[in-house]
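Student: Next input, structure requested:
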Amino acid sequence: MVDLTTTYLGLKLRNPLVASASPLSKKPEMVKRLEEVGVGAIVMYSLFEEQIIHESRELDYFLSRGTNTFAESLTYLPDVGTYSLGPEVYVENVYQLKRLVDVPIIGSLNGVSTGGWIDYATLIEEAGADALELNTYYLPTDLDMTSAEIEDAYVTLVRDIRAKVKIPIAVKLSPYFTALPNLARRLVEAGANGLVLFNRFYQPDFNLETLEVVPHLVLSNSNEMRLPLRWIALLYGRVEVDFALTSGIHTTEDVLKGIMAGASVTMLASALLESGVRRISDLLHGLQEWMTEREYESITQMKGSMSQQAVGAPAALERANYMRELGSFDDSMLSARYERAHLNAASKIDPFWGV
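Tutor: Presented below is the predicted three-dimensional model:
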């Protein structure tokens, strides 16, 4: 039996499959089921900075409304002893889940600014969370804001939260940075124990009938893992931090590639939403089978074996080889596509580039 254990954020996990932040963790029975099918750890759904600020302002409104008029107005104030804010419910859920399952529970805070809302990092720690994931993303629309200012804000946020908690911190980043390696190093210096690459965003769409901006949920596919795969392979061994690969993990091969690039864990959300939590069992079986056939003894033995520092042609990771890729699309392949396109046209099947 091969050894699937791995270490992530100082936590020993029974395998490298982690359920990333998703609606699944809102249901205790689903969290229990994830543990039963063998998941290594669970990242809770995110608690948003905007949610905390909104709830705090709402409470402040109720507590101050009417207090400068008549004393009788106090009777319509909510009972502070029973008034439950959304953020407090989140913290209570962390507490309950830690008593429901034995696998590590990682809290998730989503925000970018420093301030009073990050006090919830302490509450999440006190509730028993094994680690904290900072799900950071800021969409700059201000023409005067520079990239350096945005990166400084990220680093300040990590430093401020590191000063409040002792549990490990992972930072979930987007790929939209000009100098990602430098930012990665700065975040580690500020106190990050792990980097999660990369955040996946759901872009809005336009409804042409109602002329409204609408949400449009599209689940990931395996092709999306190539971007985090490449960056983890580039950064592994150069930045002293644990890496988690997220976005596009669906198959056993995806997991293996992530580990070989240098990831300590691979995170799944879309695969579980699409195929159900039993997908964890299938992936674990696939890992055991593949590693046994190729005489790998452990995840540790495999980790980083395809990173930049381990492969013979590191330039393939450093540079997008457009000429080589385009050259691989040779005349025979192009001719085959033309032929298929004509056949599709003859049978009224659309189209050329969609085949």
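
Student: give me the number of residues near the nearest residue to residue 92 once chain neighbours are set aside?
Tutor: The shortest distance from residue 92 to any residue that is not its chain neighbour, by Cβ to Cβ, 6 or more residues apart in numbering, is 7.4 Å, and that residue is residue 127. All C-beta atoms are positioned from the backbone trio N, CA, C, and that covers glycine. Burial of residue 127 is recorded as 19 neighbouring residues (other Cβ atoms under 10 Å).

Student: Surely residue 127 and residue 89 touch.
Tutor: No. In this structure, residue 127 is not within contact of residue 89 by Cβ atoms under 8 Å, at 11.4 Å.

Student: What separation is there between the residue nearest to residue 92 and residue 308?
Tutor: From residue 127 over to residue 308 the distance is 39 Å, taken as Cβ to Cβ, to the nearest Å.

Student: Can you pull the phi/psi pair for the residue nearest to residue 288 when sequence neighbours are not counted?
Tutor: Here the nearest residue to residue 288 in space, its sequence neighbours aside, is residue 2; by Cβ to Cβ, 6+ apart that works out to 5.9 Å. The main-chain torsion angles of residue 2 are listed as degrees, to the nearest 10 and equal phi -80, psi 160.

Student: now residue 2: how far from residue 116?
Tutor: Shown here: residue 2 relative to residue 116, a distance of 47 Å by Cβ to Cβ.

Student: Looking at these two, which one has more neighbours?
Tutor: Neighbour count, other Cβ under 10 Å: between residue 2 and residue 116, residue 2 has more, with 18 against 9.

Student: If I look at the more buried one, what pLDDT would I see?
Tutor: At residue 2 the predicted local confidence, pLDDT, stands at 93.

Student: That one and residue 298 touch, don't they?
Tutor: Yes. With contacts counted by Cβ under 8 Å, residue 2 reaches residue 298, the gap being 6.4 Å.

Student: correct me, but residue 3 touches residue 302?
Tutor: No. Taking contacts as Cβ under 8 Å, residue 3 lies outside contact range of residue 302: 10.4 Å.

Student: If you count surrounding residues, which of the two has more?
Tutor: Ranked by neighbour count (other Cβ under 10 Å), residue 3 and residue 302 place residue 302 first, with 19 against 14.

Student: count of residues packed around residue 318?
Tutor: By the other Cβ under 10 Å criterion, the neighbourhood of residue 318 contains 12 residues.

Student: any idea how far residue 309 is from it?
Tutor: With Cβ to Cβ as the criterion, residue 318 and residue 309 are 12 Å apart.

Student: Residue 171 now?
Tutor: Applying Cβ to Cβ to residue 171 and residue 309 gives a distance of 23 Å.

Student: Looking at these two, which is more packed in?
Tutor: Neighbours of residue 171 and residue 309, each counted by other Cβ under 10 Å, are more numerous for residue 171; the result is 28 against 12.

Student: Quick check on the more buried one: phi, psi?
Tutor: When quoted as degrees, to the nearest 10, the phi and psi of residue 171 stand at phi -110, psi 120.

Student: That one contacts residue 134, correct?
Tutor: Yes. Under the criterion of Cβ under 8 Å, residue 171 is in contact with residue 134, at a separation of 4.9 Å.

Student: shared neighbours of those two, anything?
Tutor: When contacts are counted by Cβ atoms under 8 Å, 6 or more residues apart in numbering, residue 171 and residue 134 are jointly contacted by residue 158.

Student: what about residue 294, neighbour count?
Tutor: Neighbouring residues of residue 294 were enumerated by other Cβ under 10 Å; the total is 10.

Student: now residue 295
Tutor: Tallying neighbours of residue 295 according to other Cβ under 10 Å, which is how burial is gauged here, yields 8.

Student: what are the phi and psi values for it?
Tutor: Phi and psi for residue 295, reported as degrees, to the nearest 10, are phi 60, psi 40.

Student: can you give me the strands in the chain?
Tutor: With DSSP state E as the definition, the chain shows strands at residue ranges 6-8, 11-13, 17-19, 41-43, 47-48, 105-110, 131-135, 169-173, 194-197, 205-207, 212-214, 242-245, 265-268.
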